[in-house]
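Trainee: Provided below are the primary sequence and the corresponding predicted coordinates.
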Amino acid sequence: MVVDKALAVVGGTGVTDEFWEPDKEVSQWHEVMVEITGPLVLDWQALFDRQFHANARRFAWRPKQNFGLDHLPKAPVTGEG
């Protein structure tokens, strides 16, 4: 994550149920995040920009086929629940 071209935070937080073991005193999992400041942040910004523009025409969230639906069905005006 790059903030205002002045700060970069790199790493992982491991915030998922897979790593949550409240009954254990010590966890097998270890995550590290690093805060970066100074001139190196511009390198991270350039990397993000390059990756973003390289994928600007790709739409991974759009399926290659429509699976039989031209559009989503209308939601009912009222419903149960």
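Mentor: Structure received.
Trainee: show me the contacts for residue 43.
Mentor: Shown here is residue 43, which makes no contacts under the criterion C-beta atoms under 8 Å, 6 or more residues apart in numbering. (Glycine included, C-beta is placed from N, CA and C.)
Trainee: in what helix or strand does it lie?
Mentor: Here residue 43 is covered by helix 40-54, with elements defined by DSSP states H and E.
Trainee: Please point out which parts of that helix sit buried.
Mentor: 41, 44 (16 or more other C-beta atoms under 10 Å).
Trainee: Average pLDDT for it, rounded please.
Mentor: The average of the pLDDT scores along helix 40-54 is 90.
Trainee: what about dumping the CA coordinates of it to CSV?
Mentor: Below are the C-alpha coordinates for helix 40-54, written out as CSV (Å, rounded to 0.1, in the frame of the first residue of the first chain):
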residue,chain,number,x,y,z
LEU,A,40,12.3,4.0,-1.8
VAL,A,41,8.6,4.7,-1.7
LEU,A,42,8.8,6.2,-5.2
ASP,A,43,10.1,2.8,-6.4
TRP,A,44,7.0,1.1,-4.9
GLN,A,45,4.8,3.7,-6.5
ALA,A,46,6.4,3.1,-9.9
LEU,A,47,6.0,-0.7,-9.5
PHE,A,48,2.3,-0.2,-8.7
ASP,A,49,1.8,2.2,-11.7
ARG,A,50,3.5,-0.3,-14.0
GLN,A,51,1.4,-3.2,-12.8
PHE,A,52,-1.8,-1.2,-12.9
HIS,A,53,-1.3,0.0,-16.5
ALA,A,54,-0.2,-3.4,-17.7
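Trainee: Make residue 1 into 237 and carry on from there
Mentor: Yep, numbering from 237; the last one is helix 276-290 now.
Trainee: now that helix, how far from the centre of its chain.
Mentor: 16 Å (C-alpha atoms, centre = their mean, to the nearest Å).
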